[in-house]
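**Student:** Just a sequence and a predicted model for now, questions to come.
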Amino acid sequence: MIKKLLLTITLICIMALPIFAVGPTVTLLTEQVARVDSSNEVTLRVGYNFASEDGGIEPFIGTQWRPRWDEEGDMEPPGVVALGALYHFPDLIDPNSAIPLIPAWLSTIINPDVEVRPYLGYQMTVNFIDKDSGFMGALGGIRIKVTPESNTSFDFEIRYDDTFGGLAIVPDNRLNYYMGLTIPF
């Protein structure tokens with residue numbers, strides 16, 4: 001009886017999610033490093049955003065690629081598949097925000113039509129491609145839309161990853177900075 005009840009509740013929740021969902025998203029981020037001739041990374045994610053005005057979750061699958069690791073081409077880090085999720089918080093500039101003073105302060109320097117939504121997340125590798133390498137780590141960022149109706153958003157992200165195996169040659173246990181775009185479709 002309890003199994004049937006839990007299954008029914010789960011099915012109702014799953015059917016109701018698309019009502020509030022933003023939908024599928026594609027995110028392209030590039031690592032921001034001092035030298036652009038080596039060791040920078042390009043990240044591609046495909047996710048499904050279940051966020052509403054009050055926040056929500058966005059699970060994703062993605063990959064990382066390092067097109068120019070070093071001049072000699074030696075020790076190129078392997079490609080990996082990553083799974084993760086982002087939790088989106090409500091708009092920081094919204095006048096009805098639960099955070100005191102920040103909306104009023106931000107609205108004096110930023111156009112009130114701009115939407116600024118912070119997010120936190122976690123990602124880790126799933127070793128389908130290279131079983132001897134991987135990473136796991138936390139991430140946080142801000143997704144900015146110029147207008148609420150705009151489809152594309154700018155993402156600024158900070159990550160803290162721990163690499164192992166074949167990815168151990170990639171510097172880890174430090175903050176890495178990323179910038180890119182997210183496009184819902």
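**Tutor:** Okay, I see it. Just so it is clear, the structure is predicted and the values come from calculations on it, not from any experiment.
**Student:** What sits closest to T147 if chain neighbours are left out?
**Tutor:** In this structure, T147 finds its nearest non-sequential neighbour in D113, 5.2 Å apart by C-beta to C-beta, 6 or more residues apart in numbering. (C-beta placed from N, C-alpha, C; glycine too.)
**Student:** which phi and psi does the one you found have?
**Tutor:** The phi and psi values for D113, taken as degrees, to the nearest 10, are phi -80, psi -20.
**Student:** Tell me the pLDDT of it.
**Tutor:** For D113, the pLDDT comes out at 78.
**Student:** thought it was touching S150?
**Tutor:** No. If you go by C-beta atoms under 8 Å, D113 and S150 don't touch, sitting 9.4 Å apart.
**Student:** Where does pLDDT dip in the chain?
**Tutor:** Scanning the chain for pLDDT under 70 picks out the ranges 1-21, 34-39, 68-75, 94-110, 127-131.
**Student:** Just the strands from it, written as ranges.
**Tutor:** 23-31, 42-49, 56-65, 80-88, 115-126, 133-145, 153-165, 175-184 (DSSP state E).
**Student:** and the ones you listed as TSV, adding mean neighbour count?
**Tutor:** Below are those laid out as TSV (neighbours: other C-beta atoms under 10 Å):
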stretch	mean neighbour count
strand 23-31	17
strand 42-49	18
strand 56-65	18
strand 80-88	19
strand 115-126	18
strand 133-145	19
strand 153-165	17
strand 175-184	16
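**Student:** who does G62 bridge with?
**Tutor:** Per DSSP bridges, the residues bridged to G62 are R45, A82.
**Student:** Now do it against G180, distance only.
**Tutor:** Using C-beta to C-beta, to the nearest Å, G62 is found at 12 Å from G180.
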